[in-house]
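Novice: Got a predicted structure plus its sequence, pasted below:
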2 protein chains.
Amino acid sequence: MKKVGVAILGLGVVGGGTYKILTEHREDYKRNHKVDIVVESVLERRRERAAELGIDESKICSNIAEICSNPEVDIVVEVMGGVEPAKTFVLAALNAGKSVVTSNKELFCKYSHELEKAARKNHCGLFYEASCVGGVPVIRTLLDNLQGNRITSMIGIINGTTNYILTKMSSEGASYDEVLKEAQRLGYAEANPSADVEGYDATYKLSILSSLAFHTKIPYTNIYREGISGISVTDINYGKRLGYAIKLLAIGKNGDNGIEVRVHPAFIRASHPLASVNDSYNAVYITGDSVEDVMLYGRGAGALPTGSAIVGDIIYCATHSSFQYSPFENTEKAARSTKFIENFESAYYIRLDVIDKAGVLAKVSSIFSKCGISVAQMVQEDIPVLPKSENSTVPLIFITHNTKEHSIRKAEQDINALNGVASVASIIRVVN
Amino acid sequence: MKKVGVAILGLGVVGGGTYKILTEHREDYKRNHKVDIVVESVLERRRERAAELGIDESKICSNIAEICSNPEVDIVVEVMGGVEPAKTFVLAALNAGKSVVTSNKELFCKYSHELEKAARKNHCGLFYEASCVGGVPVIRTLLDNLQGNRITSMIGIINGTTNYILTKMSSEGASYDEVLKEAQRLGYAEANPSADVEGYDATYKLSILSSLAFHTKIPYTNIYREGISGISVTDINYGKRLGYAIKLLAIGKNGDNGIEVRVHPAFIRASHPLASVNDSYNAVYITGDSVEDVMLYGRGAGALPTGSAIVGDIIYCATHSSFQYSPFENTEKAARSTKFIENFESAYYIRLDVIDKAGVLAKVSSIFSKCGISVAQMVQEDIPVLPKSENSTVPLIFITHNTKEHSIRKAEQDINALNGVASVASIIRVVN
């Protein structure tokens, strides 16, 4: 039977999950694929972590050179995260003729052009299903199944931490700060949560996914980004009443005017399949000119779901003799021919705080009209319980039809200038 | 640039869609994959159909031998449907060294062992993503991405016609017969609808999918099957009130007691992601020991969605030099080691028609107790508007906890024997 040796770089959560799956299912893989996949070595300084996983001391390495020169190692699994030393190690492995399986979205997003060049040169496989959306098979679906299509749109919930926070805020009415603390306590959010809550993690993944979907390199720096820290329970509740759920969406569109890529919180209509993707679940909703709509849903993170994606790649690599690379020119920067739209179109939810309702509505309507914004829904309500003091405000909520981002920003400026009469409390994009 | 010649057997709905995608996207495939995919010939008797699609007369063939001996043809696309002559033609193509892409679930389900044997012998590819769930990437997900898992459960809505009918009955309150007629008029159901509505189509697909998922051949004849023609709007409405949606489910389970495969209508709790898969949309919900839950959702049929799956396979075949086959022993019959459970467990919805409510409840409860059935929910209601005649009945509805199928069948017999007092109006399985 063919033997395939694996080295795992890093025994963190995902590295440990990968080791567990490989060892527990080894006999399955021998029976189903006629291949014996053996973990030959692990790169990990914490010997107690290796011991905890039941890994023999003889398999622990302390430097990449040892792994690169080990003829028993065929596939190197990089699950360290971060750019360095992961990048140096992955390049060393590829240049030593080892195929690489990685879960490292930041590394692949920023340096896939260098890594793929080394992989091609050395005729090695380079697999990264685990880098985006954990166990959900989105990379291979884009690489293989949907190649017959021109993909026109991709909308994803691709960050588990933010989806957990927004789901909790929505179901329990707790504030952002409260839920974030709870998420940190449960290990769903990092001590420094900014990579997740400010949307950076999602831009890395959207860069990888939209490059594949649209067949052109889309650097993460070209992606418009907004996080969820400004979202309030007040707006979530108004959104609910209007038939919307709040999500951090990663959106890629490829239309007649060029490519549009953005990560931001948005209201999505409750009947959209993405609206019921809750807690730490993730999903990607893809529209192509042939396939119409496809949604892939599942766990976007975690030791075993991410390990499942890694082991799927390992088995594929172990049982195939030819490998595929990005089906587009994988350059460092965006191809010149690609336009990235800054003036994208969207519907918007706008909440105003107003003092004199009757007076302000005419003025606001006139501003909307001047900016070419047309209103689809409006909610105005009295707050009958509280006695109205001179400075107390009431909310006035609008949902607009599709309009240009710059029109909304102009209207925001003009409404805020209506001194003493109204101010813009929040603006949230809406996906219908 | 590498040229790859394709022959399409049959210019029906899917054949036409495939031709359209291949010709409209030809330049995309050249740019993205450095391969020129050319439709070299079509096997079709209706010359006017070929003309309608804009296919040059010189490409029309009238016999398979011509295609098999054409050195310009590398890949044969079989989209004729049915067992013969499709089987003879596919075997002829494989034996002539052509790779085959098929959308034919009946053929692949019944004869994959013969077809794969011929493909292996001739070192050809044999692709069948389009045979199950149209454009939804479920075959490749099972073949590649989820190989690291032991899959424990698979629940699918894998027939568009029945899902369309049940969705309409549910949303509009129309009867099965009315909706079926409407579906036939719209072309969503065949003139003879039994392959769809009696669940045969779903058993073919479940046979293919569960064989891949559980790594053992599961012939469609081993699958328990019930259609939807007995489902009434009365039961759909009671189910709704209890928090359930009605679906034709294809269920495969692989547990400690063996493998369980069945196709039947069932109530599924409204909060389950499958419950909101409506109209002609399809979805497969897969649970593995590593990946946890994954759902794949999209169009299960149609010219372009199914064509998308076929063209995905064509591009894969055109750009890979090694092919993969079933990761299990693909025999004609089930492997001996596999047990197929007849006494599966499920929760059940039971609707009784009763005359004397007070009297019958004690008797029915006693039968349930004797049969080891425990009740989770009960609905009994008066019908206050109608004057109660001596023979008028009122409904009494139970949802049970999980119980064995044979216990339910024994209880049904005993309740029906409560002469004049109660009869079993319907029994529907429940998925929680």
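Specialist: Arrived safely, thanks for sending. Residues are numbered from 1 along each chain as shown, chains lettered A, B, ... in the order given.
Novice: Is stretch A:125-138 in proximity to chain B?
Specialist: Yes - legend: contact between stretch A:125-138 and chain B by C-beta under 8 Å from any C-beta of the partner chain is shown at A:129, A:135, A:136, A:137. Bear in mind the C-beta positions are built from the backbone N, C-alpha and C, glycine included.
Novice: Could you give the separation between the terminal residues of that stretch?
Specialist: 18 Å (C-alpha to C-alpha, to the nearest Å).
Novice: Distance from it to the middle of the chain?
Specialist: Taking C-alpha atoms, centre = their mean, to the nearest Å, the mean C-alpha location of stretch A:125-138 is offset from the chain mean by 12 Å.
Novice: Any regions of the stretch 301-432 of chain A where pLDDT drops low?
Specialist: Applying pLDDT under 70 to the stretch 301-432 of chain A flags residues A:336-340, A:342, A:356-357, A:382-391, A:420.
Novice: can you give me the helices for it?
Specialist: A:303-319, A:357-370, A:405-416 (DSSP state H, counting those that start in this stretch).
Novice: Tell me which of those helices sits nearest to chain B.
Specialist: helix A:303-319 (2.9 Å; C-beta to the nearest C-beta).
Novice: Can you list the residue ranges for strands in the stretch 101-250 of chain A?
Specialist: For the stretch 101-250 of chain A, strands defined by DSSP state E, counting those that start in this stretch occupy the ranges A:126-127, A:151-157, A:224-225, A:244-255.
Novice: model confidence over the third one, on average?
Specialist: Along strand A:224-225, the predicted confidence averages to a pLDDT of 94.
Novice: ok, it: who's next to it in the sheet?
Specialist: Sheet pairing of strand A:224-225 (DSSP bridges) gives strand A:258-269 (parallel).
Novice: quick check: angle from the strand it pairs with to helix A:405-416?
Specialist: 50 degrees (axes from the mean of the first three to the mean of the last three C-alpha atoms, to 10 degrees).
Novice: For the stretch 1-150 of chain A, which residues are neighbours of chain B?
Specialist: Residues of the stretch 1-150 of chain A found near chain B (C-beta under 8 Å from any C-beta) are A:17, A:21, A:25, A:28-29, A:31-33, A:129, A:135-137, A:140-141, A:144-150.
Novice: Sort out for me which of those residues are in helices.
Specialist: Residues of these located in helices (DSSP state H): A:17, A:21, A:28, A:29, A:31, A:32, A:33, A:140, A:141.
Novice: JSON lines for those, including pLDDT and neighbour count?
Specialist: Listed next are these as JSON lines, based on pLDDT from 0 to 100; neighbours: other C-beta atoms under 10 Å in any protein chain shown:
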{"residue": "A:17", "pLDDT": "97", "neighbour count": "24"}
{"residue": "A:21", "pLDDT": "98", "neighbour count": "25"}
{"residue": "A:28", "pLDDT": "97", "neighbour count": "16"}
{"residue": "A:29", "pLDDT": "97", "neighbour count": "23"}
{"residue": "A:31", "pLDDT": "96", "neighbour count": "12"}
{"residue": "A:32", "pLDDT": "96", "neighbour count": "18"}
{"residue": "A:33", "pLDDT": "96", "neighbour count": "21"}
{"residue": "A:140", "pLDDT": "97", "neighbour count": "21"}
{"residue": "A:141", "pLDDT": "98", "neighbour count": "26"}
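Novice: Widest-spaced pair of those?
Specialist: Distances among those were taken as C-beta to C-beta; the most separated pair is A:31 and A:141, at 26.9 Å.
Novice: Quick check, residue A:228 in contact with residue A:201.
Specialist: No - at 11.9 Å, residue A:228 and residue A:201 do not qualify as touching, with contact defined as C-beta atoms under 8 Å.
Novice: who's in contact with residue A:138?
Specialist: A:129, A:132, A:209, A:284, A:296 (C-beta atoms under 8 Å, 6 or more residues apart in numbering or on different chains).
Novice: Sitting in helices, which of those residues do you find?
Specialist: Filtering those for helices - DSSP H - leaves residue A:209.
Novice: farthest pair in the contacts of residue A:138?
Specialist: The widest separation within the contacts of residue A:138 (C-beta to C-beta) is 12.8 Å, between A:129 and A:284.
Novice: Show me which residues of the stretch 201-350 of chain A are close to chain B?
Specialist: Applying C-beta under 8 Å from any C-beta, we find that the stretch 201-350 of chain A lies next to chain B at A:215, A:273, A:276, A:288-299, A:302, A:304-305, A:307-312, A:314-316, A:319-322, A:324, A:327-328.
Novice: Just the buried subset of those residues, written out for ChimeraX, thanks.
Specialist: Here is the ChimeraX command that selects the buried residues among these (16 or more other C-beta atoms under 10 Å in any protein chain shown):
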select /A:215,273,276,288,290,291,292,293,294,295,296,297,298,299,302,304,305,307,308,309,310,311,312,314,315,316,319,320,327,328
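Novice: hmm, back to that, which of the residues of stretch A:125-138 next to chain B sits closest to residue A:268?
Specialist: The closest of the residues of stretch A:125-138 next to chain B to residue A:268 turns out to be residue A:136 (C-beta to C-beta; 18.3 Å).
Novice: If we ignore the residues flanking it in sequence, what's nearest residue A:170?
Specialist: Of all residues not flanking residue A:170 in the chain, residue A:236 sits nearest, at 5.1 Å (C-beta to C-beta, 6 or more residues apart in numbering or on different chains).
Novice: so the one you found makes contact with residue A:167?
Specialist: No - using C-beta under 8 Å, residue A:236 makes no contact with residue A:167, being 10.2 Å away.
Novice: which other residues reach stretch A:140-149?
Specialist: A:129, A:151, A:209, A:212-213, A:286, A:288-291, A:294, A:296, A:324, A:327, B:21, B:25, B:29, B:32-33, B:129, B:135, B:137, B:140-141, B:144-145, B:307-312, B:314-316.
Novice: Please name the residues that touch residue A:211.
Specialist: A:217, A:218, A:326, A:328, A:330.
Novice: meant to ask about residue A:164
Specialist: Neighbour list for residue A:164: A:183, A:188, A:189, A:279, A:280 [criterion: C-beta under 8 Å, 6+ apart].
Novice: Which members of those residues are positioned in helices?
Specialist: residue A:183.
Novice: Spell out which two among the contacts of residue A:164 are the most distant pair, please.
Specialist: Spatial extent of these (C-beta to C-beta) is set by the pair A:189 and A:279 at 13.2 Å.
Novice: Neighbour count for these two, which is higher?
Specialist: Each of residue A:189 and residue A:279 has its neighbours counted (other C-beta atoms under 10 Å in any protein chain shown); residue A:189 has more, 22 against 14.
Novice: residues near the nearest residue to that one once chain neighbours are set aside, how many?
Specialist: Of all residues not flanking residue A:189 in the chain, residue A:183 sits nearest, at 3.9 Å (C-beta to C-beta, 6+ apart). Under the neighbour criterion other C-beta under 10 Å, residue A:183 is assigned a count of 22.
Novice: quick one: pLDDT of residue A:183?
Specialist: Note on residue A:183: pLDDT of 92.
Novice: can you pull the contacts of it?
Specialist: When contacts are counted by C-beta under 8 Å, 6+ apart, residue A:183 touches A:161, A:164, A:165, A:168, A:189, A:193.
Novice: What is the neighbour count of the first one?
Specialist: A count of nearby residues for residue A:161, using other C-beta under 10 Å, gives 24.
Novice: quick one, what contacts the closest residue to it other than its chain neighbours?
Specialist: Distance criterion C-beta to C-beta, 6+ apart; nearest residue to residue A:161, sequence neighbours excluded, is residue A:196 at 3.9 Å. Applying C-beta under 8 Å, 6+ apart to residue A:196 gives the contacts A:159, A:161, A:162, A:189, A:190.
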